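**Student:** Show me how the following folds:
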Amino acid sequence: MGIVVLSYLFQLFDTPRQPQNIMLTQPISVSFDLGGNRQVTLGTGKLARQADGAVTVQQGNCVIMATVVANKDPKEGQDFFPLSVDYQEKFASAGRIPGSFFKREARLNDYEILTSRLIDRALRPLFPEDYLCDVQVLVSLVSSDNDIMPDALACLAASAALAVSDIPIKEIISEVRIARINGEFIVNPTRSQLAESDLEFLIAATDKNLMMVEGEAKECAEADLVKALEIAHDAIRIQIKAQADLRAKAGVTAKRDYKKPEQNEAIKEKVYAFAKDRVYEISRKGSAKHERTDAYSALKDELIVSLGEEITDLEKKLAKKYYEDLKWEVVRNMILEDRVRLDGRKLDEVRPLAMEVEPLPTPHGSALFTRGETQSLTTVTFGTKLDELLAETAAKSDYSKFFLHYNFPPFSTGEVKMMRGVGRREVGHGNLAQRSLKQMMPGNDYAYTVRVVSDILESNGSSSMATVCAGSLALMDAGVPVAKHVSGVAMGLISREDGKYAILTDILGDEDHLGDMDFKVTGTKEGICGVQMDIKVDGLSMAVMMEALDQARKGRLHILDAMYQCIDAPRADVKPHAPRMVKLFIDKEFIGAVIGPGGKVIQEIQRETGATVNIEEVGNVGEVSIFSANKESLDKAVNWVRGITAVPQVGDVYEGPVKGIKEFGAFIEFMPGKQGLLHISEISWSRLETMEGLFKEGDMVKVKLVGLDPKTGKFKLSRKILMPRPENKPKDDQPNNG
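**Tutor:** Below you'll find the model as predicted:
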C-alpha cells in the first residue's frame, strides 16, 4: 500500500499539472486608429474576470484597466442612484515609488479626483432613471507613457467595461481631448503637443449627442469652440464603434433585468390633484429662495396630512417623490410657456450685481462679489518659490506658482453638515475657476507664487462663476499684472419633446436641478477662457449650442462692465504690507558666486539683509528670486546680488570698504565679492612713503576702476584720479599701480 502511495506521489509531481482556474473566456481585442498612425487597442477576457465588466485600453506604453461591478438589487428603501467612480494612477506604472510616508498610494489627489469627475459626469446619464442598484467603476493607470495623456483614455475604458457587461445602460459613450496647436485641431494630442496649445477641451458624447465638455482656451471665439466640438464628436463616433465591436466579439447580447421602484398611481393622482395649481402659484410669485423653499415645504406637509392617517410609510414616501416630480414638471412648463423664471427674471437676465475690492485690510488682495443670492469672499496671497504647489502624478511631478482653492461651507445654503475636508465638488469648481483665471496671469518671469482662496458665503446658483469674478477683482486689487478681467456665467436649458426650449442666463440652484443642461462659460470681452458643460437630455443641436453661447457672451459682457467699474486695472504696486519680490536673471557662470562655497555667500546675504534669496538654474541662465516684507531689505539684497553678478566696467566710479592694508597699498571691495588694489601711488597726488595711518579696515573709499591686468585678472583702482589735479602735475601723468 505504501509503495502504491509513493508511486502516486511521484506521478503527481512529475506530471505537469493543468491549472485549476481554467480560462472561462478567450481574450479578445479590437483596435482603431486615432489618426497619424496612433493605434488604440481595447481588450477584455484576460484580466479581472470576476468583475461584471473589465477592459484594458492601450496606446503606446500607456495601459488603463477599467472594471465595473453592480449589485443585482437595490438596497431596501433606496431612492437615488448610487454610482461611484474612482480613477487612480499606480506609481509602479511609471516605475516610481510614492513619496508619502507609507510609500503607497493614498487618497486620490486633485488630478485623479478631476479625472474621476469627468468620467462620472459622462457615465451617469447612461443609466435608466429607475435603476437604483449600486454601481462601482474603478479605473487604474497600470502602465504609463510619458507623452500620452491617460485621462483622455480613462472614460473610453470605463464605457467599454460597461459595454461588455450585462449592466443596463441606454447607450455607449466615449471621450476625447481636442486641442488647437498652431491653428490645427488635434484629437488626443501628446503631452508635449499640449504644452503648445491655445485651446484644450475634454469632450464626452454618445453617437448622436454631446454629454459633457470641460476645458480652457486663450480667449477663443464661440465659433472655434463649436468647431472643436464637431471634430471631437467625429473621433468619438470611431471609439463608440470600436466598443460596439468589442461587445459583439464578447457575445454580450442582452442586459440584465433589475427591480424597479414601486409605483402607486392612485397616490400620484391625489398628489397632482391636491398640489398642482398651488405649486404653480408658489413658483409664479418670483420670491426669494428661502421664502419659496418654505412655501414648498409647507405645501408638502399639507399634502401628507390630506392623505389621511391611514397612509403607510411607503405611500408617504411615494407621495413625497411624486410631489418633487410635480414641482419639476410644473416649473419647467411655467418657464417654457410663460417665459418667466422662479425669481421673476427674464430668460436672459442676470441677477443684481454688487462688488467691492479690499473689503479686508490685511490680505494682500481681496474682493467681495455678490450676484443675487450667491456671494464669494476671495483673497489673494503672495508667496515665494518655496510656496509653489507640487502636483504629483505617476508620469511626472509639476510645480505650480498659481493655484486657487474653493471652499463651500454648509452655512452658505443655510444647512448644518459635518465638516469633513474638501469634497470632489469643491475640487472641480475650484479647478474651473483656476484654469479660467490662469489665462490672464503673467508669465513665468513673474516673481510671486500666487494663491487665490474663494470662500462661498451664500449660494443659490453658480458659486464657481462668482469665484471667477471675485478672483479677477482680487487679483487686480493685489496688484497682480493680469491682462484683463475674466467673468463667468452659468447657463441652463429646459427643453420638451415637442421641440420647445428655453435658454436661461445665470441659473438658480433650483433651475440647475430641474434643467436639462448646466453650461458654465468664462472669458474676457475678447473670448472664452473656460467651459464646463453637462447635458442631461438627448438631442442638443449645434444650433441650440450656438444660441446658448451667444446668450452666455452677452451675460458675460454685462458682468464684465460692472467689474471694470469696480476696478478697471491692476494696482500699480502691491499693498504696503504685502511682501515684495524681485526676480533677477543672471549668467549661468555667476550662480556659484552668488551661492558661495558651502552656501556661505547666499547665507550672508540673507543674514545681513533679512531677505529670502532663492536661486536655481533654468536652461542657460540663473534665476534668482529675492523676497522680503521690507522694501529697504529687498533693495539691499537686490543690489548685493547685482554687485556679485555685474561685470565691472573700466572708467566707472565705485565706493566700497577697505578689506585689507599692505605696505604697497589697500584692497578695496568696490563691488560685492570683487576687490581691487588701490596702490599707494594712486591714493593721492602727493608722494606717500608709508600706508601707516591712512586707512583702517572698514573705511569707505571712493575709487575709479582704471584697469584690469589681462594676465592675473586683478582690478586696478585709483583714488587720486577723482581729486583735483595739482597745477605742477603734467596732464600726461597717468595712474600707475607699479
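**Student:** now the strands for the stretch 251-400 of the chain?
**Tutor:** Under the criterion DSSP state E, counting those that start in this stretch, the stretch 251-400 of the chain carries strands at the ranges 353-357, 365-371, 374-383, 389-392, 397-400.
**Student:** What is the longest one packed up against?
**Tutor:** To tie it back to what came earlier, the one meant is strand 374-383. On a contact count with 3 or more CB pairs under 8 Å, 6 or more residues apart in numbering; DSSP states H and E, strand 374-383 meets strand 365-371, strand 449-458, helix 463-478. (Glycine included, C-beta is placed from N, CA and C.)
**Student:** Would you agree Pro442 falls within a helix?
**Tutor:** No. Under DSSP: H, G, I helix; E, B strand; the rest coil, Pro442 sits outside any helix and is assigned coil.
**Student:** how about the closest residue to it other than its chain neighbours, secondary structure?
**Tutor:** Once flanking residues are discounted, Pro442 sits nearest to Pro481: 5.2 Å by CB to CB, 6 or more residues apart in numbering. With three-state DSSP as the basis, Pro481 sits in coil.
**Student:** Pro481 against Asp445, yeah?
**Tutor:** No. Pro481 is beyond contact range of Asp445, at 11.0 Å (criterion: CB atoms under 8 Å).
**Student:** more neighbours, those two?
**Tutor:** A direct count of neighbours by other CB atoms under 10 Å for Pro481 and Asp445 places Pro481 higher, at 14 against 8.
**Student:** Can you list the buried residues in the host helix or strand of Ala248?
**Tutor:** Element membership of Ala248 [criterion: DSSP states H and E] is helix 222-250. Buried residues in helix 222-250, counting neighbours by 16 or more other CB atoms under 10 Å, are found at 222, 224-225, 227-229, 231-233, 235-236, 238-240, 242-247, 249-250.
**Student:** just stretch 34-50 next, same as before
**Tutor:** By 16+ other CB under 10 Å, the buried positions in stretch 34-50 come out as Leu34, Val40, Leu42, Gly43, Thr44, Gly45, Ala48.
**Student:** Just the strands from the stretch 1-150 of the chain, written as ranges.
**Tutor:** Going by DSSP E, counting those that start in this stretch, the stretch 1-150 of the chain shows strands at 28-33, 39-44, 53-59, 62-70, 83-89, 135-143.
**Student:** residues near Gly707, how many?
**Tutor:** As a burial measure, Gly707 scores 17 neighbours (other CB under 10 Å).
**Student:** Least confident secondary structure element in this protein?
**Tutor:** helix 2-14 (a mean of 43; mean pLDDT, DSSP states H and E).
**Student:** all helices in the stretch 51-200 of the chain, in order from the N-terminus.
**Tutor:** Secondary structure of the stretch 51-200 of the chain (DSSP state H, counting those that start in this stretch): helices located at 110-123, 151-163, 191-194.
**Student:** just so I know, which of those helices lies nearest Ser472?
**Tutor:** Nearest to Ser472, of all these, is helix 110-123, at 21.9 Å by CB to CB.
**Student:** Show the contacting residues for the residue most central in space within the chain.
**Tutor:** Nearest to the mean C-alpha position of the chain, counting by CA atoms, centre = their mean, stands Asn431 at 3.5 Å. Counting by CB atoms under 8 Å, 6 or more residues apart in numbering, Asn431 touches Asp110, Leu114.
**Student:** any idea which helix or strand carries it?
**Tutor:** helix 424-438.
**Student:** Report the angle between that helix and helix 463-478.
**Tutor:** Computed by axes from the mean of the first three to the mean of the last three CA atoms, to 10 degrees, the angle separating helix 424-438 from helix 463-478 equals 40 degrees.
**Student:** pLDDT (mean, whole number) over helix 424-438?
**Tutor:** For helix 424-438, the mean per-residue pLDDT is 93.
**Student:** Pull out the buried positions in that helix.
**Tutor:** Quick answer for helix 424-438 (16+ other CB under 10 Å): 426-438.
**Student:** between it and helix 110-123, how many degrees?
**Tutor:** Orientation check (the same axes, to 10 degrees): helix 424-438 against helix 110-123 gives 110 degrees.
**Student:** still on that earlier bit, among the strands of the stretch 1-150 of the chain, which is nearest Thr645?
**Tutor:** Taking the strands of the stretch 1-150 of the chain one by one with CB to CB, strand 83-89 is closest: 41.7 Å.
**Student:** what sits up against that closest one?
**Tutor:** 105, 108, 111-112, 115-117, 119-120, 123-124, 127, 134-141, 144, 150-151, 154, 158, 393-395.
**Student:** List the buried residues of stretch 301-310.
**Tutor:** Within stretch 301-310, the residues scored as buried using 16+ other CB under 10 Å are Leu303, Leu307.
**Student:** contacting residues around it?
**Tutor:** Here stretch 301-310 has contacts from Ile267, Lys270, Val271, Phe274, Ala275, Ile311, Glu315, Lys316, Ala319, Lys320, Tyr323, using CB under 8 Å, 6+ apart.
**Student:** List just the nearest of those to Val213.
**Tutor:** Among the contacts of stretch 301-310, and counting by CB to CB, the member closest to Val213 is Tyr323, at 33.3 Å.
**Student:** Would you check how far apart the closest one and Ala298 are?
**Tutor:** 12 Å (CB to CB, to the nearest Å).
**Student:** circling back: pull the distance from the helix holding Asn431 to the chain's centre.
**Tutor:** 5 Å (CA atoms, centre = their mean, to the nearest Å).
**Student:** Just the angle for it relative to strand 374-383, thanks.
**Tutor:** Going by the same axes, to 10 degrees, helix 424-438 makes 70 degrees with strand 374-383.
**Student:** can I get the strands of the stretch 251-400 of the chain in a markdown table with mean pLDDT?
**Tutor:** Shown next, in a markdown table, are these (pLDDT from 0 to 100):
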| stretch | mean pLDDT |
| --- | --- |
| strand 353-357 | 96 |
| strand 365-371 | 96 |
| strand 374-383 | 95 |
| strand 389-392 | 81 |
| strand 397-400 | 83 |
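**Student:** what's the closest of the ones you listed to Ile567?
**Tutor:** strand 353-357 (5.1 Å).
**Student:** Does anything pack onto the closest one? Which helices or strands?
**Tutor:** Under the contact criterion of 3+ CB pairs under 8 Å, 6+ apart, strand 353-357 touches strand 365-371, helix 463-478, helix 542-566.
**Student:** All the helices of the stretch 551-700 of the chain, in order from the start?
**Tutor:** Taking DSSP H, counting those that start in this stretch to define them, one finds helices in the stretch 551-700 of the chain at 591-595, 600-609, 631-645.
**Student:** Redo those as JSON lines? Include distance to Lys285.
**Tutor:** Listed next are these as JSON lines, based on distance: least, CB to CB, whole Å:
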{"stretch": "helix 591-595", "distance to Lys285": "69"}
{"stretch": "helix 600-609", "distance to Lys285": "65"}
{"stretch": "helix 631-645", "distance to Lys285": "58"}
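**Student:** Go through the ones you listed and name the closest to Gln675.
**Tutor:** The minimum distance between Gln675 and those falls on helix 631-645, with 11.9 Å, by CB to CB.
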